[in-house]
Structures are given as C-alpha cells and as structure tokens.
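J.: Need coordinates for the below:
(chains A and B)
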Number of protein chains: 2
Amino acid sequence: MMRNWVTGLALLATAATTSAGAATPGRGQLQAAVKAEHSANVKRLQDWIAHPTIAAEKTNVDKGAEYMRGLLLDAGFQQAKIVPTSGVPGVFATLDAGAPTTLGIYFMYDVKQYVPSEWSSPPLEARLVDRPEGKAIVGRGAVNQKGPEMAFLAALRAFKATGRKLPVNIVLVAEGEEEIASPNFHEVIANPEVQAAMSKAIGVFIPGAGQESNGATSIDLGAKGAIELQLISSGEHWGRGPAKDVHSSLMAIVDSPAWRLVKALDTLVADDGHTPAIDGWFENVVPLTARQKELIAQGVKNSNEVETKAQLGVKQWIDNEDYLTASYRLAQQPTVNIQGLVSGYTGPGGKTVLPGRAEAKIDLRLVPNMTKDEAVAKLKAHLAKRGFSDIIVNVSGGYGPTQSDENSLLVQSQIRTLKRAGVEYSLSPRLAGSWPGVTFTGPPLKLPAVGFGLGTGGGAHAPNEWYLIHSSNPKVAGFDESAMFYVDYLYDLAEMAPKGR
Amino acid sequence: MMRNWVTGLALLATAATTSAGAATPGRGQLQAAVKAEHSANVKRLQDWIAHPTIAAEKTNVDKGAEYMRGLLLDAGFQQAKIVPTSGVPGVFATLDAGAPTTLGIYFMYDVKQYVPSEWSSPPLEARLVDRPEGKAIVGRGAVNQKGPEMAFLAALRAFKATGRKLPVNIVLVAEGEEEIASPNFHEVIANPEVQAAMSKAIGVFIPGAGQESNGATSIDLGAKGAIELQLISSGEHWGRGPAKDVHSSLMAIVDSPAWRLVKALDTLVADDGHTPAIDGWFENVVPLTARQKELIAQGVKNSNEVETKAQLGVKQWIDNEDYLTASYRLAQQPTVNIQGLVSGYTGPGGKTVLPGRAEAKIDLRLVPNMTKDEAVAKLKAHLAKRGFSDIIVNVSGGYGPTQSDENSLLVQSQIRTLKRAGVEYSLSPRLAGSWPGVTFTGPPLKLPAVGFGLGTGGGAHAPNEWYLIHSSNPKVAGFDESAMFYVDYLYDLAEMAPKGR
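T.: Purely as a prediction, here's the structure:
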C-alpha cells in the first residue's frame, strides 16, 4: 500500500459534520475494551515490527506467515491457515458471526527493506517517540502496514473482550510479498477454499492511515497497476562482450554490455525523458472520465502545490505543467521508471573495468485497461523488434490497475462512517501508486476493493517510518480512535447491507 | 601500469640468443650481493605491500609517501624528498654517481582497491605461495607495481652492498595517484628542482614484469592516454526532478535524473554500442604508421587468438573482426567506456523509487594526437550542444597518449640488454592500456619513456594479484634474476651513451 507518499496531493471532495457513534450499539463498552487493551495492543504491534518479513531478501518468510496466523487467531478469527504459493505463503482466515453480510479484508504482513544506519532509532525496536503529531511508534512497517492493520485487529479484539458478536462476518487474506509487487498473490485467491469464502464478501479493504493534519482522509477508488522488472544485459547471455568484468582498455575490441543496456533503455522512453515509447503502449489506455477529472479538480483546489513540491524536493512538474494538468497526468499517465542502475564499479571515483553485466531496475505503472500480461508482452516485442532480444527481461512481480465503483455498498458504507465521524474525506479516483486490488476487482471475484481507515503516519519505504499512537491533534485519530472507527464501520456496513447478502 | 592484462596479445618482434653478462664488470660480486639480500628484499616487499596507499579511498596517503622515501634512501639514493601536490604527494630522489649519463626512473607507490573476501589469502599479508610458475607473493600491488620496483631497488642495493659506484646517475620520481589516472603528477614534474634534475636524463622507465611463459617480454613504445570521469545527473543540480529519491509513482509528473543520464549517454557512442560519437572526436587522430602496423602484425603472428579470447571470456571481437584487424583497432581506436553505472536502488530485486541522482563512471582512451584538455572540452561542448549542460562532468584524472621512439638511446640500450640476456622481446607500438608516460614524453621534458624489466605476475586490478619470486621456469626471471637484469642494463646504458651526456 503506497498511499502516504502523496498526501500532499490529497483530493478532497466533501466535508461532513454529523456527530460520531450514533449507530454503534454498546459503543461505550467496546470503547472501554479498546482502552483496556491499549498497552497490550501497542506491545503486540511492537513485537510484530520486531519480526519483519522482507520478501526481496527472503527474510523471515515462513515464520512471518505463522506470526500473522497467530495474530489473527488471537484476535478472534475462528480459523486461520497458511496458504502456500510459489513464493512467500499467504494466510487465509475467517470469522463467521452468523451475520447476513460478509466483509473482505486484505492484509500485507511483509515490509520494505531498511538500512539501520539511516534511522534515528533502530528500525526493529519500534520505540515510542514524541513527534509534533503526538506519540508515535518508529519502526519498519509501522504505517506500511502493520500499525493500521493492528488497529483493525484491535477492533475485533474489543468484540472478543466484551463477548459481543460482530455485526458482519470477516474473510481475511494476508500476503507476504506486497513489497515485491505481489508476484504470487493471485495464487492465494485461486485457492478454491479462499475463493469460495471471498466470493461471499461485499467488497474488500486494506486498513490504512492517511489522515492529513486537518483530519481529512481519502477513499482511493483506484490505483495504477505496477510491474517490477529488471532489464539485464549480460556478456555471458548475449554471447558478445566479456563474460565477466575485464580491463577497460578492451573497450576498443570487446562489446560492452553496459552500452548495450543504455542503447536498449534509450528506446523505451521518448527524448523528453518521460513519455513511454514502447510500441503500442497507449493502445488500451482509457481516458479519465468526466467524474474522475471532477474529483481530481476538487482535490487540487484543496491541496497546496508549494508544500507538495517542497516535500518532494521538486521545483517543476514535467513539462512545467500547472498543478491541475500535472494532477490529471499523475492519475492518467502510464509510466516507465528507472528505479536503479547497477553495473561494474559503483564505489567512489572510477575503476578501469569494462563490466560484463549491466542491470536497470524498472517499474511500469499501468492504467485501465492495460494489463500485466499485455505490458510484458509489448515490452519484449519492442526490444525484439529493435534487435535487443539478448536483453533479459526478468519480471519479478506485478499486477494490473484496480478500479472500484464509488456507488458500491463498500464505498457508500465507508462514506457513511466517515460522515458520522465528522471526518473530511475525499474520493481519489486513482492513486499513482499501486496495490494489488486488481486481485479482488478483477476476475473472478470482481469485488470493490479500497484502502480505508483513520490515523496517520509517514516514512513508508524510507528511514524513520512512523505511525501515530497518541494524537496531539483532536482532528487526527490515534490508535484507539482508529480501532473504534473500524468498530463503527462494521455496524454501518451491517445496517446498510441489503438483508440476505 | 596496465601491461599485464593483455599478455595474450603480446607482439613479438625479434628473438636474440647472445649470452648474458658479457659487459657487466664484477657481475659475480654483484650477483652474490643480490643473493645475500634475497630474504631481506622479499621481507621489504612484503612490508611494503602491508602498507598500501589507495588514492581513490585516501588510504595511507602521507604515510605512503614517507614509506617510499625511506625505501629509496635505504637503497642508496643520496637524497629523497616529498613533493606536495594538490592531491597525494609525489617523491623525488637522486643518486649521483658522478657518471656522464643520467637515467630517469618512474615509480608508482599506490595500489588498486581490493575486496579481501574475494582473495584466497589476505591481500596485505603478501604470503609466499606455490604456483605452477614457481614461488610467488600474493598481495595487492605485488606485480602492479611494488614487486618490479623492489627488484630495481635490489639492483641498487647490490651496488651499495659491494661498495661499487653505479655506472649511471639515477633521477627517480614516484607518484601516489597512478591508479586514479595521475590527476596531479604533472605538478611533481613542474617542480623546478625535479624538472631540472629530470631534464638531464636520457629517458625514463618504470620497472615492469611482463614475461610470458616462453620468456618473451615486450618494450611498450607507447600507450593510449586515459581520462577518468564521472557523468552525474542530479535533480538538485539540474533544477528538475527530485532532490533525493522519491516514490517511483511520481515518474508520471516528476522528471527523472536517471532517464536524463541515459539520454545523455546515448549520444556519446553510435548505435553500434562502441564507436565514439562525440563531436569532433577523431579530428586529431593520427593513423598507425606502416612500421607500427608491421610490429602489430608480427605480434599477432606469435599470439594465440583462441587462448586470448578464452582468458577474457570473449567469443567475438567487435564487428566480428579477425584478429589482425582487431589488434590494429586495439592500438588505434580511441574509446568511450562505461566503467560503472549507479543510481537509486542497487540491491537484489527492485524498490519503488525514482532516484534523485544517477552516475555513469566513464573512461576515455586517447590516441595520438588527442590531448586530455581537447577531449574534456569536446565532451562538454557535445553535451552542451544537445541541451545536457546540466550533466555534471567530473574529471577525476587523466593524461594524453604517450609515444617513444624505438631509435632512442633508452630503447636501443634496453634492446641490447634483452639480447645479451637471450630474452625474446617484442616492440609494442601502443598499449591499449594507459600510463602517464606523456608526463615525460610530452613537453617540457620530451624524453622517451617506457616500461622495462623481466619477471612475471598477474591479477593486477583483480583478486589474488601475484608476483613471481622463485621461478620454476628457466626462461622466466625470478626476483633475483630481475634485479640482476637491471644491474646489467645500467652498464649497457653507460656503455652505449655518448660520452658527456
């Protein structure tokens, strides 16, 4: 889930001021239970952060799934099982309340890599620190996504502690490869037992914490797809150039895999340095609808361009576009990004080698109606057509774009809870970041799927990632308020759901 | 000095069979002195290897110069002084024998970086190990260039030990930045005292150890120039793109310094991936002379293409050229090489960042009559003309090509010593690798300058660098034989020199 990075571009739609808690029976009792478990919940979150699963490094892979399973059973799920995949296993759990309505929940239990030396406190210690926003936990995975997920589990624990039945049933799937672009998550959903259970849900959300300092949050109706891949030019594979690094003076008579990669890369974007130039790339791209543009325009009105640019360290948008045009482009433009380049000598200064290998780390962001398979096939055909069949295309993960209907029961019930909580909210038509919502919104499930929750945090994918526990700002939820928000939501959903579904 | 890598392309010219030692008075006594000091000399070499100076890492910079100075004084130089430069200091030493002839010697006291984990024995321990070639020292700098230099000092020590006067005077300059392309070595030569002393020399050589298994060696009459530089695309410097790494989804609206670098790089070589495409690059390039081509053709006849390709892990030369054409090209073609690429995320798999910075490590090899200043100016003008003035060109070192006359007294006297030693030798018209010989062959000194010596070794710039101490092959010199070869040479030079010079 990659919501946080773009808080500066939040797209506010509607403010609401109804008072909170009106429709939650026994709210005081549930709230007391959340408070009573506060310290234990924070401790649970800290312990979870201390056990990171990092798919890219194959760290804590089986133990992480087992840990996730334990947390779910302990929170009240009646059954939770490990679902093996070709990669890191998933977890599938159900909480049957005998209710007519079933809600789907998506968790990720993996976290991003980290470099401890870049952190002000050890990334796995999950220390409670004072910030301007209040008391926060600093640790890898704090906001992305363990903190918000633990707040959701805290809501379930309150039901368990008070002996109350949930007003809806819960079907939950968790994956351990979100941070490497979910290469195997479809296998979890393809499991017949999981698919049968999930197909009963009215929709799916992933707990999130994206409140701004004015309390505003958003429901993200869609997100771009993302494909992560490496383009590798290798002398050994190519059959030209050296099999390993050789002395750089040989550049006169030995082909260079690094130059080969540069020449291949050069064909992938136009000379402007950003417009994708892969053959047929825009063929299936659907323009933004009038409603989507309307939502974006509303958001731009309520967003501060100067602050956003300062946060990102950016002076100009691409082509010096104005904020509205750039915001349309952010939602609409498919991208071909270089995440990293690595070849030969990478230390200080230089070293006289001709490298035997060069690699570009690439991500492709896709918009409707592009698909992962289409994009990979087009990239390969593009390279082959230009004689670059020797360039290895190693697709390490990815999925297509996701889009949910704002008129779905899932979203409408969420809006209701936001309104009665008096939280300003926006509808974001399409995140430029990505999450594997298409696993739910695509076939066979075709369920709406969004991110949802209160609270805040920052530093996802960066050092000093944090998640707010005690808020010093009455407009922004801390951990307990976030948990109660989910409690309220379950009742709102149950009440709005057509009976029998 | 980068001779060793291309032994497979050695260019043999003439075999000679005259018996050794005819012209060296008191040779037996000198040889006995070399033998008596053998263990102490090996120990000196090991101690020197244990104290590496690495300019790229600023390791042991001042201590390395002091160490060098101590070794020189101990070997019989009457004076040796540190010569400060803008970078790592040089060392200047003289040994005045009251002789009519003065020989210049060039030393480098720095070594290449190393990664200890890649070595079979610790790179600074300089262990004596058994190899097929005999007993060898394994350590960083063993053959490049401390071993051959210590053999030369062993020759001087033999004079000292026996109380004999040298037949020629020696003027020596040592630098500590050879491995970063000698960015400040011209400052050492520009020192008036150094220049005055060096201008008396008939020529300059750097001790080297490039004998092949059949005993053959070469005198390298020339070498390409080399410029080491980094091309840096930085959002901060450019004023576009991000000041630091940001989330990769921003590729839709934020310019990418990595793509910028790819687009700039792409203009520097033709679509064949190797021919330099920098404006005016070939303007001052002088073709090979008939004599140079003749020497190369002789070398190719005596060289094994299949073995050379296997050593390098190369299946095809550029453009599938035959060996002779490739050998001409190796000597003649100026090159633009990518030593390394580094940007953003460089670990396993991917990471969703849009990097704020991208760097290409480049080396340019120059042939006569290209110059360093010309090349740097043309590169900058080329980039500016295409709108890439934002790309930082950081020149970290370099010098122009060097060329010496085979008819000079320096080379002719060397040939004489090789002949009477019965060593097959070649004249190599131009190394594809580089050394800062132009500091001597260019103005103001305009002296011939070459590499010269017997012995062998390998692994320069690579793990397990080695230098042969005891040879198991009668055709290849060990340490003591290499020292005696220099003793013989000093007498040959004195004898051939016109009196009064």
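J.: Spell out the residue ranges of the helices in the stretch 401-501 of chain A.
T.: Here the stretch 401-501 of chain A has its helices, by DSSP state H, counting those that start in this stretch, at A:409-420, A:438-441, A:479-496.
J.: Packing partners of the last one?
T.: Think helix A:479-496. helix A:27-36, helix A:38-49, helix A:147-162, helix A:409-420, strand A:466-471 (3 or more Cβ pairs under 8 Å, 6 or more residues apart in numbering or on different chains; DSSP states H and E). No exception for glycine: its C-beta is placed from N, CA and C like everyone else's.
J.: ok, A:Ser389 touching A:Leu383?
T.: Yes. Applying Cβ atoms under 8 Å, one finds A:Ser389 in contact with A:Leu383, separated by 6.6 Å.
J.: could you pull out the helices for the stretch 51-200 of chain A?
T.: A:61-75, A:147-162, A:185-190, A:192-198.
J.: got those helices as JSON lines, with mean neighbour count and mean pLDDT columns?
T.: Formatted as JSON lines, those follow (neighbours: other Cβ atoms under 10 Å in any protein chain shown; pLDDT from 0 to 100):
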{"stretch": "helix A:61-75", "mean neighbour count": "19", "mean pLDDT": "96"}
{"stretch": "helix A:147-162", "mean neighbour count": "24", "mean pLDDT": "98"}
{"stretch": "helix A:185-190", "mean neighbour count": "20", "mean pLDDT": "96"}
{"stretch": "helix A:192-198", "mean neighbour count": "15", "mean pLDDT": "98"}
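J.: among the ones you listed, which is nearest chain B?
T.: Minimum separation from chain B across the helices of the stretch 51-200 of chain A (Cβ to the nearest Cβ) falls at helix A:61-75, 13.9 Å.
J.: which strand residues sit across from A:Ile206 in the sheet?
T.: A:Gly451 (DSSP bridges).
J.: List the contacts of it.
T.: Taking Cβ atoms under 8 Å, 6 or more residues apart in numbering or on different chains, we find A:Ile206 in contact with A:1, A:105-108, A:145, A:148-149, A:435, A:449-452.
J.: Go through those and say which is closest to B:Ala136.
T.: Distance to B:Ala136, by Cβ to Cβ, is smallest for A:Met108 among those, at 55.1 Å.
J.: quick one on the thing from earlier: and the helices of the stretch 51-200 of chain A: which comes nearest A:Gly422?
T.: helix A:147-162 (18.6 Å).
J.: that older thread, and the contacts of A:Ile206 as CSV, adding distance to B:Ala36?
T.: Converted to CSV, these look like this (distance: Cβ to Cβ, whole Å):
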residue, distance to B:Ala36
A:Met1, 76
A:Ile105, 84
A:Tyr106, 81
A:Phe107, 78
A:Met108, 74
A:Gln145, 75
A:Pro148, 79
A:Glu149, 78
A:Trp435, 77
A:Ala449, 85
A:Val450, 86
A:Gly451, 82
A:Phe452, 86
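J.: How many residues are close by the residue nearest to A:Gly397 when sequence neighbours are not counted?
T.: Spatial nearest neighbour of A:Gly397, excluding adjacent residues (Cβ to Cβ, 6 or more residues apart in numbering or on different chains): A:Ala181 at 2.9 Å. Neighbourhood size, A:Ala181 [other Cβ atoms under 10 Å in any protein chain shown]: 26.
J.: contacting residues around A:Ala181?
T.: Counting by Cβ under 8 Å, 6+ apart, A:Ala181 makes contact with A:226-228, A:363, A:396-399, A:434, A:436, B:350.
J.: 6 Å instead?
T.: The contact partners of A:Ala181, taken as Cβ atoms under 6 Å, 6 or more residues apart in numbering or on different chains, are A:226, A:228, A:397-398.
J.: returning to what we had before: looking at the helices of the stretch 51-200 of chain A, which is nearest to B:Leu341?
T.: Nearest to B:Leu341, of all these, is helix A:61-75, at 30.6 Å by Cβ to Cβ.
J.: Quick check, A:Ala80 in contact with A:Arg69.
T.: Yes. Using Cβ atoms under 6 Å, A:Ala80 makes contact with A:Arg69 at a distance of 4.6 Å.
J.: Give me the common contacts of the two.
T.: Between them, A:Ala80 and A:Arg69 share no contacting residue, judged by Cβ under 6 Å, 6+ apart.
J.: and whichever residue of the stretch 251-400 of chain A sits closest to chain B, what is it in contact with?
T.: Ranking the residues of the stretch 251-400 of chain A by distance to chain B (Cβ to the nearest Cβ) places A:Gly313 first, at 3.1 Å. Neighbouring residues of A:Gly313 by Cβ under 6 Å, 6+ apart: B:242-244.
J.: Likewise for A:Gly356?
T.: A:235, A:242-245.
J.: 7 Å instead, please
T.: A:234-236, A:241-245, A:257 (Cβ atoms under 7 Å, 6 or more residues apart in numbering or on different chains).
J.: How about A:Val262?
T.: For A:Val262, the contact set (Cβ under 7 Å, 6+ apart) comprises B:262, B:265-266.
J.: Which ones among these lie within strands?
T.: Secondary structure defined by DSSP state E assigns none of the contacts of A:Val262 to strands.
J.: nearest to B:Ser249, of those residues?
T.: B:Val262 (19.7 Å).
J.: The closest one: what's its closest spatial neighbour, skipping adjacent residues?
T.: Nearest residue to B:Val262, sequence neighbours excluded (Cβ to Cβ, 6+ apart): A:Leu265, at 4.9 Å.
J.: what's the neighbour count on that neighbour?
T.: Residues lying near A:Leu265 (other Cβ under 10 Å) number 26.
J.: any idea how far it is from B:Gln412?
T.: A:Leu265 sits at a distance of 52 Å from B:Gln412 (criterion: Cβ to Cβ, to the nearest Å).
J.: do A:Gly299 as well
T.: Using Cβ to Cβ, we find A:Gly299 at a distance of 82 Å from B:Gln412.
J.: Which one's more surrounded, these two?
T.: Between A:Gly299 and B:Gln412, A:Gly299 has the larger neighbour count (other Cβ under 10 Å), namely 22 against 15.
J.: Can you name the helix or strand that that one falls in?
T.: helix A:290-301 (DSSP states H and E).
J.: how far is that helix from where the chain is centred?
T.: 22 Å (Cα atoms, centre = their mean, to the nearest Å).
J.: Buried residues of that helix, list them for me.
T.: A:292-293, A:295-296, A:298-300 (16 or more other Cβ atoms under 10 Å in any protein chain shown).
J.: do it and chain B meet?
T.: No. Using Cβ under 7 Å from any Cβ of the partner chain, helix A:290-301 stays clear of chain B, coming no nearer than 12.3 Å.
J.: counting contacts, what elements does that helix pack onto?
T.: The contact analysis (3 or more Cβ pairs under 7 Å, 6 or more residues apart in numbering or on different chains; DSSP states H and E) places helix A:290-301 against helix A:323-332, strand A:425-428.
J.: which one of these has the lowest average pLDDT?
T.: Sorting those by mean pLDDT places strand A:425-428 lowest, at a mean of 91.
J.: which other helices and strands contact it?
T.: Against strand A:425-428 (3+ Cβ pairs under 7 Å, 6+ apart) you get strand A:217-220, helix A:290-301.
J.: Which one of those lies nearest to B:Asn464?
T.: That would be strand A:217-220 among those, by Cβ to Cβ, at 55.5 Å.
J.: Could you point out the helix or strand that follows the closest one?
T.: Per DSSP H and E, strand A:217-220 leads on to strand A:222-223 as the next helix or strand towards the C-terminus.
J.: Tally up the residues packed near the residue in the stretch 101-250 of chain A positioned nearest to chain B, please.
T.: Per Cβ to the nearest Cβ, A:Ala243 is where the stretch 101-250 of chain A lies closest to chain B, at 3.1 Å. As a burial measure, A:Ala243 scores 19 neighbours (other Cβ under 10 Å).
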